[in-house]
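J.: here's my sequence, what's the structure:
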Amino acid sequence: MRPQVTTALAPSSALSAADRCDRCGAQAYVRVTLTSGGELLFCAHHGREHSDKLRNIAVTIHDETGRLEATPAAVATEDER
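T.: You can find the predicted model right below:
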């Protein structure tokens with residue numbers, strides 16, 4: 001009797017500055033896992049540009065473009081210190 005095998009997708013890890021767009025080399029904010037098992041990384045621009053086609057071939061799309069709208073932490077000026 002063969003043992004039962006189950007599979008599950010591990011949650012996607014957060015994208016970092018080291019992850020680069022496969023199209024232009026800019027920082028990646030979109031990770032696409034393909035039905036074929038491959039993975040593509042895109043910057044926000046190319047992720048939006050190709051989103052319709054990617055939805056047809058993707059198992060998952062991990063989108064972190066919302067990070068671009070986040071307000072950066074304030075930096076204290078010399079007078080405020």
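
J.: please make it C-alpha for all contacts and neighbour counts, starting now.
T.: OK.

J.: okay, helices next: where are they in the protein?
T.: Secondary structure of the chain by DSSP state H: the helices cover 44-49, 51-57.

J.: would JSON lines of those with mean neighbour count, distance to T33 and mean pLDDT be doable?
T.: Shown next, in JSON lines, are the helices of the chain (neighbours: other C-alpha atoms under 10 Å; distance: least, C-alpha to C-alpha, whole Å; pLDDT from 0 to 100):
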{"stretch": "helix 44-49", "mean neighbour count": "17", "distance to T33": "13", "mean pLDDT": "96"}
{"stretch": "helix 51-57", "mean neighbour count": "13", "distance to T33": "9", "mean pLDDT": "93"}
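
J.: who does the helix or strand bottoming out on mean pLDDT in the chain touch, helix- and strand-wise?
T.: Least confident helix or strand, the chain: helix 51-57 with a mean of 93, by mean pLDDT, DSSP states H and E. Contacts defined by 3 or more C-alpha pairs under 8 Å, 6 or more residues apart in numbering; DSSP states H and E place helix 51-57 against no helix or strand at all.

J.: who are the contact partners of I57?
T.: Taking C-alpha atoms under 8 Å, 6 or more residues apart in numbering, we find I57 in contact with 34-35.

J.: now do the one 3 residues further on
T.: T60 sits next to 32-34 when contact means C-alpha under 8 Å, 6+ apart.

J.: neighbour-wise, give me the winner out of those residues.
T.: V32 (21 neighbours; other C-alpha atoms under 10 Å).

J.: R67 versus the closest residue to it other than its chain neighbours, what's the distance?
T.: Residue nearest to V32 in three dimensions, not counting chain neighbours: I61, with 4.6 Å by C-alpha to C-alpha, 6 or more residues apart in numbering. In this view, I61 and R67 are 15 Å apart by C-alpha to C-alpha, to the nearest Å.

J.: the two: which is more packed in?
T.: I61 (19 against 10).

J.: which ones are touching the more buried one?
T.: 30-33, 55.

J.: out of those, which are inside strands?
T.: Among the contacts of I61, the members found in strands (DSSP state E) are 30-33.

J.: from the contacts of I61, which is closest to A44?
T.: V30 (6.7 Å; C-alpha to C-alpha).
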